[in-house]
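Chemist: for reference, the sequence and a predicted model appear below.
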2 protein chains.
Amino acid sequence: MSHTNRQIRLAARPQGECKPSDWEHVDEPAREPGEGEFAGATKLISLDPAMRGWLNDARSYIPPVGIGEVMRAGSIVEVTASNHPKYAVGDHVVGTFGVQSHVVSDGKGALKVDASAAPLPTYLGALGMPGMTAYFGLLDVGALKDGETVLVSGAAGAVGSMVGQIAKVKGARVVGIAGGPEKCALLTDELGFDAAVDYRGDDVKGALRAATPDRVDVYFDNVGGDILDLALGRINLKARIVICGAISQYNNESHVQGPSNYLALLVARARMEGFVVFDYARRYAEAAAEIAGWIAEGAITTKEHVVTGGIDDFPDTLQMLFRGENVGKLVLEVA
Amino acid sequence: MSHTNRQIRLAARPQGECKPSDWEHVDEPAREPGEGEFAGATKLISLDPAMRGWLNDARSYIPPVGIGEVMRAGSIVEVTASNHPKYAVGDHVVGTFGVQSHVVSDGKGALKVDASAAPLPTYLGALGMPGMTAYFGLLDVGALKDGETVLVSGAAGAVGSMVGQIAKVKGARVVGIAGGPEKCALLTDELGFDAAVDYRGDDVKGALRAATPDRVDVYFDNVGGDILDLALGRINLKARIVICGAISQYNNESHVQGPSNYLALLVARARMEGFVVFDYARRYAEAAAEIAGWIAEGAITTKEHVVTGGIDDFPDTLQMLFRGENVGKLVLEVA
């Protein structure tokens, strides 16, 4: 049994937006699993805003993807052959397997998931990194307290939609910022947010003010840029600003737009704090169990945006994130 | 006994740098103290970068000085007449008495100081608000731990010089940023800093890198602007950035320059936090006692920059702060 392994490799460091020529589409023979290894066929690939950062040759929380390397990505594979005691043919396994059609793994950093307990895409969303990010960012870094107001940007995205829903479970008033009336309607009508602000609307500042009559205690920022400044203009005394990402800035060719309103931190005796979800790896199981419970109770609605295609569709699908075309967790299903 | 009370009042809200026409120089008859009041003649007036912020009509931690109001300032007066049981003629009293030659007070918010225990200017510096600001900002907000590296900007100023010296007392490696070789020499030769970086020098980034081989655990920011960005580029994991002020930005006519390097907070899992010293009022006595002890031991050198003149010299003296012309606590001594 011999397969071809289709891979997307990084061909060049993107300047600004990723271009097709930044990627290389490569075929190589799929390797057979050795002793203590399993082989898997890729079913689902996760697409994350953070990926853009991994392409830059800069000091970060993780080394950049090297030129010529298979693009780093979380994915779910189905085991097709196994010499590993813990994995059997037909098992589904989540891990950082990269953008390729076939993988061989020793199981390190991988986790078997139960396709009968939840739809597979959910293991890349609410029960995966975005869920973990929302959970620890909001509750640990944001230190949310009962009765507070939570504001979240990128609210219709994978992380934002979870932040808002977890905050509701915890008894907060929740306001989401998203792009366009459809996403805003989703937040309030389907996901239980108390209010939504359309950042593409006419008077964003006025809308945000109206939506946050008691100002903001925790602002969970996924976008940066002007929205971060507007949010800083609405914070309460002792507010916590959780810096999760800055999708509006990742494709900047020159420098990042810094928050000119940062002196609001002084006026409000507030703090702005960054975090990286990997630091919470030892507590993932605890968070996943709690989130699974909330899903089972119907307190949390999972949202995934599944694009069906092939490995070759990864570059185009990634761009959807930066155009705001996804609702919930963006996943590429490899047909 | 009748006096004329010379006052500096705010005539107009400054646009950018303060102009002479933003101030009004007024004479009014000095009032006699009523029951439970004392009268005092102003000896020393404190000049603080924060004053520039008090002139703007914006939401802040304190209401703006109103047009036509006497300029707010901390000062030390000598009691000239008293109907107050706690204050006798000849006593020296520190309080927020404003920029005027004669004051009448019921003693609320005022504090008697002992001119024989420390030079009077020290009560506006190391033992006054700048000392309190350094103490609580570094130890409480900055949560300095043993063996860490502290970086402070505006290091030759009233607050910065105290931050660095307190950090040395606490066993930190201390690096100061200041303008010009004289100030830098003061930091290392007189105040015990481990290194100094001249922000007017050629390769500030390189100098900062060389001065912080173990990077920075606590950055105490008094200046904002480009220096804040450079400092963010040098932070360690779990660093604390203490936002005390942003003197480089206070005279901006348009918007404040936000830190474009703020995503370093994410990479380093660091926090940036603002504070206002007034929140620590109940602990001032504790801090002042500890600082007085360090001064007595010779562990802390007090630095004051005393300009001798009259009430009318307040506007010009204030501008010295924004031109970086002071070393240590800037005080106007009313001759």
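Modeler: Good, I have the coordinates.

Chemist: which residues touch the residue most central in space within chain A?
Modeler: For chain A, the residue nearest the mean C-alpha position is A:Pro130 (4.3 Å; Cα atoms, centre = their mean). By Cβ atoms under 8 Å, 6 or more residues apart in numbering or on different chains, A:Pro130 lies in contact with A:48, A:124, A:157-159, A:162, A:329. C-beta here means a position set from N, CA and C on the backbone, and glycine is covered the same way.

Chemist: what residues does chain A have near chain B?
Modeler: Proximity of chain A to chain B (Cβ under 8 Å from any Cβ of the partner chain) is limited to residues A:59-61, A:224, A:229, A:243-246, A:249, A:255-276, A:279.

Chemist: now the buried members of the residues you listed.
Modeler: A:60-61, A:224, A:229, A:243-246, A:249, A:256-276 (16 or more other Cβ atoms under 10 Å in any protein chain shown).

Chemist: narrow the contacts of A:Pro130 to those in strands?
Modeler: Among these, the ones falling in strands (DSSP state E) are A:Lys329.

Chemist: out of the contacts of A:Pro130, which is nearest to chain B?
Modeler: Lowest distance from chain B to the contacts of A:Pro130 (Cβ to the nearest Cβ) belongs to A:Val159, with 13.2 Å.

Chemist: does that closest one touch A:Ala134 like I think?
Modeler: Yes - using Cβ atoms under 8 Å, A:Val159 is in contact with A:Ala134, at 5.1 Å.

Chemist: which parts of the stretch 151-300 of chain A are helices?
Modeler: Taking DSSP state H, counting those that start in this stretch, the helices of the stretch 151-300 of chain A run over residues A:158-169, A:181-185, A:204-211, A:225-232, A:264-267, A:284-297.

Chemist: now the first one - C-alpha only, CSV.
Modeler: These are the backbone C-alpha positions of helix A:158-169, laid out as CSV (Å, rounded to 0.1, in the frame of the first residue of the first chain):
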residue,chain,number,x,y,z
ALA,A,158,-13.6,30.6,16.9
VAL,A,159,-12.2,32.1,20.1
GLY,A,160,-14.6,35.1,20.4
SER,A,161,-17.8,33.0,20.1
MET,A,162,-16.5,30.8,23.0
VAL,A,163,-15.4,33.8,25.1
GLY,A,164,-18.8,35.3,25.0
GLN,A,165,-20.7,32.1,25.7
ILE,A,166,-18.4,31.1,28.6
ALA,A,167,-18.8,34.6,30.0
LYS,A,168,-22.6,34.2,29.8
VAL,A,169,-22.3,30.8,31.7
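
Chemist: contact partners of it?
Modeler: A:48, A:125-126, A:130-131, A:133-135, A:137-139, A:144, A:150, A:152-155, A:174, A:176, A:178, A:187, A:191-193, A:218, A:220, A:222, A:244-245, A:291, A:294, A:299-301, A:303, A:326, A:328-330.

Chemist: of those, buried ones?
Modeler: Using 16+ other Cβ under 10 Å, the buried ones in the contacts of helix A:158-169 are A:48, A:125-126, A:130-131, A:133-135, A:137-139, A:144, A:150, A:152-155, A:174, A:176, A:178, A:187, A:191-193, A:218, A:220, A:222, A:244-245, A:291, A:294, A:300-301, A:303, A:326, A:328-330.

Chemist: for stretch A:120-136, measure first residue to last.
Modeler: Length of stretch A:120-136, first residue to last, Cα to Cα, to the nearest Å: 22 Å.

Chemist: pLDDT of that stretch, averaged?
Modeler: Across stretch A:120-136, the average pLDDT comes to 98.

Chemist: ok, now which ones touch the nearest residue to A:Gly225 once chain neighbours are set aside?
Modeler: Nearest residue to A:Gly225, sequence neighbours excluded (Cβ to Cβ, 6 or more residues apart in numbering or on different chains): A:Ser248, at 3.8 Å. Residues in contact with A:Ser248, defined by Cβ under 8 Å, 6+ apart, are A:223-227, A:257.

Chemist: what do you get for A:Val204?
Modeler: Each residue near A:Val204 by Cβ under 8 Å, 6+ apart is listed here: A:197-198, A:227, A:230.

Chemist: now those in a markdown table, with distance to B:Pro14?
Modeler: Output for the contacts of A:Val204, formatted as a markdown table (distance: Cβ to Cβ, whole Å):
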| residue | distance to B:Pro14 |
| --- | --- |
| A:Val197 | 34 |
| A:Asp198 | 37 |
| A:Ile227 | 30 |
| A:Leu230 | 26 |
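
Chemist: between which two of those residues is the distance greatest?
Modeler: A:Asp198 and A:Leu230 (12.6 Å; Cβ to Cβ).

Chemist: who's more crowded, the two?
Modeler: A:Leu230 (22 against 19; other Cβ atoms under 10 Å in any protein chain shown).

Chemist: touching, that one and A:Leu208? I think so.
Modeler: Yes - look at A:Leu230 against A:Leu208 with Cβ under 8 Å: they come within range, at 5.6 Å.

Chemist: shaky segments in chain A?
Modeler: Along chain A, segments meeting pLDDT under 70 span A:1-2.

Chemist: per the record, what domains does it have?
Modeler: According to automatic domain parsing, chain A comprises the domains A:4-125+A:302-334, A:129-278.

Chemist: could you tell me the end-to-end distance of stretch A:296-305?
Modeler: 20 Å.

Chemist: who touches it?
Modeler: Contacts to stretch A:296-305, defined as Cβ under 8 Å, 6+ apart, come from residues A:118-119, A:121-122, A:124-126, A:156, A:158, A:161-162, A:165-166, A:168-169, A:186, A:190-192, A:291, A:294-295, A:326-331.

Chemist: would you map the helices across the stretch 1-150 of chain A?
Modeler: Going by DSSP H, counting those that start in this stretch, the stretch 1-150 of chain A shows helices at A:50-54, A:129-136.

Chemist: how about the shortest one as CSV, C-alpha atoms only?
Modeler: Below are the C-alpha coordinates for helix A:50-54, written out as CSV (Å, rounded to 0.1, in the frame of the first residue of the first chain):
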residue,chain,number,x,y,z
ALA,A,50,-2.1,32.9,14.7
MET,A,51,-0.7,31.0,11.7
ARG,A,52,0.1,34.3,10.0
GLY,A,53,2.5,35.1,12.9
TRP,A,54,4.2,31.7,12.5
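
Chemist: other SSEs contacting that helix?
Modeler: Other helices and strands packing on helix A:50-54, by 3 or more Cβ pairs under 8 Å, 6 or more residues apart in numbering or on different chains; DSSP states H and E, are absent; none qualifies.

Chemist: list just the nearest of the contacts of A:Ser248 to chain B.
Modeler: A:Gln257 (6.6 Å).

Chemist: that closest one contacts A:Gln249, correct?
Modeler: Yes - if you go by Cβ under 8 Å, A:Gln257 and A:Gln249 touch, sitting 6.1 Å apart.

Chemist: shared neighbours of the two, anything?
Modeler: Going by Cβ under 8 Å, 6+ apart, residues that sit against A:Gln257 and also against A:Gln249 are A:224-225.
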